[in-house]
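1. attaching a predicted model along with its sequence, questions to come.
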Amino acid sequence: MDELLQINLQLFSMIGTIAFAISGAVVAMEEEYDILGVFVLALVTAFGGGVVRNVLIGIPVTTLWEQRTYFLTALIAAFLVFIVPVSWIRKWKTWEALFDAIGLSAFAIQGALYATQMNAPLSAVIVAAMLTGIGGGIIRDVLAGRKPLVLRDEIYAVWAMLTGFLIGLGWVQGSWQLLVLFAVIVVLRMMSVFRRWRLPRRALNLTEEPSMEKS
C-alpha cells in the first residue's frame, strides 16, 4: 500500500475505533455496567473484530498491543462517554448510524487488505472483511446479553462481505479506488438504514402447540 493509502486508512480506522468504542460504552451504560464494564465493552467493540480476523488469517494476536495509539484512543473515548452529560449521549445516538457505517467500511477494507497480503483465498478475504467489520459488535451484544443487531437489523454484514469480494478479486486496487469503495460502502449502509433494507427472514416458533378444537 502506498503512503497516501496508509494515511487515509489510519484516519478512517481512528474514526472507526472512536465510533465503535463509544458504541460499546453506550451499550454498557444502558445495561448499567460499572466503569470497568464500560471500558471492557468499549475495547471489545473496537478491537474484537480485528482479533478474530487475526486468528483466522494467521496474524499473531499479540499485534493488538502494538496499536497503542488506537488502544489509548478507545479508552479515552469510553471514559469521556462515562462522564459526559446524558443529553450529549442522546445527541451521539442520532449520529451513531453514520459513524458506525464509517467504522464498518474502514475496518472491512482493512480486514480484506490484511487477508490479501497473507495471500489468502477469496473466501478467507471475504470472511476477514466481514469479521473485522462486524465482529466487535457481535461480541459486544453477546456480552451485553442482547441478540446481535448486525444479524437481524438492516443490511449490515453484506456490505462488509461485498468489500471483501471486490478486494479479493482484485477489482479494487490502489489508494483512490479503495477510498471510493470506502465512500460507496458508507453510502450503501446509510441507505439500508434510512430505507430499511432487510434480508429475507422467516420467524419460526416451535414452542406453540396447535390448539385442539372441541368436538
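-> Received, thanks. Remember, predicted model here, so these are calculated numbers, not experimental data.

2. per-residue pLDDT, Phe165?
-> Looking at Phe165, its pLDDT is 95.

3. now do Ile7
-> Confidence score, pLDDT, at Ile7: 70.

4. how about the secondary structure of it?
-> Under DSSP: H, G, I helix; E, B strand; the rest coil, Ile7 falls in the helix class.

5. now do the one 4 residues further on
-> Reducing the assignment to helix, strand or coil with three-state DSSP, the entry for Leu11 is helix.

6. gap between it and Phe47?
-> Per C-beta to C-beta, to the nearest Å, Leu11 is found 18 Å from Phe47. C-betas here are computed from N, CA, C, even on glycine.

7. and the one helix or strand Phe71 maps to, how far out from the chain's middle?
-> Using DSSP states H and E, Phe71 falls within helix 68-83. Taking the mean of its C-alpha atoms, helix 68-83 sits 17 Å from the chain's own mean (C-alpha atoms, centre = their mean, to the nearest Å).

8. flag every buried residue along that helix.
-> By neighbour count on 16 or more other C-beta atoms under 10 Å, the buried set for helix 68-83 is Tyr70, Phe71, Thr73, Ala74, Leu75, Ala77, Ala78, Phe79, Val81, Phe82.

9. and if you look at stretch 178-192?
-> Per 16+ other C-beta under 10 Å, stretch 178-192 contains these buried residues: Leu178, Leu179, Leu181, Phe182, Val184, Ile185, Val186, Leu188, Arg189, Met190, Ser192.

10. before we move on, back to that, and the helix holding Phe71, what does it pack against?
-> On a contact count with 3 or more C-beta pairs under 8 Å, 6 or more residues apart in numbering; DSSP states H and E, helix 68-83 meets helix 3-30, helix 35-57.

11. heading C-terminal from it, find the next helix or strand.
-> Assignment by DSSP H and E places the next element after helix 68-83 at helix 86-117.

12. Thr116 versus the residue nearest to Leu169 when sequence neighbours are not counted, what's the distance?
-> Leaving aside its chain neighbours, Leu169 sits nearest to Leu122 (6.6 Å; criterion: C-beta to C-beta, 6 or more residues apart in numbering). Separation of Leu122 from Thr116 (C-beta to C-beta) stands at 9 Å.

13. overlap of the contact sets of these two?
-> Gly168 (C-beta atoms under 8 Å, 6 or more residues apart in numbering).
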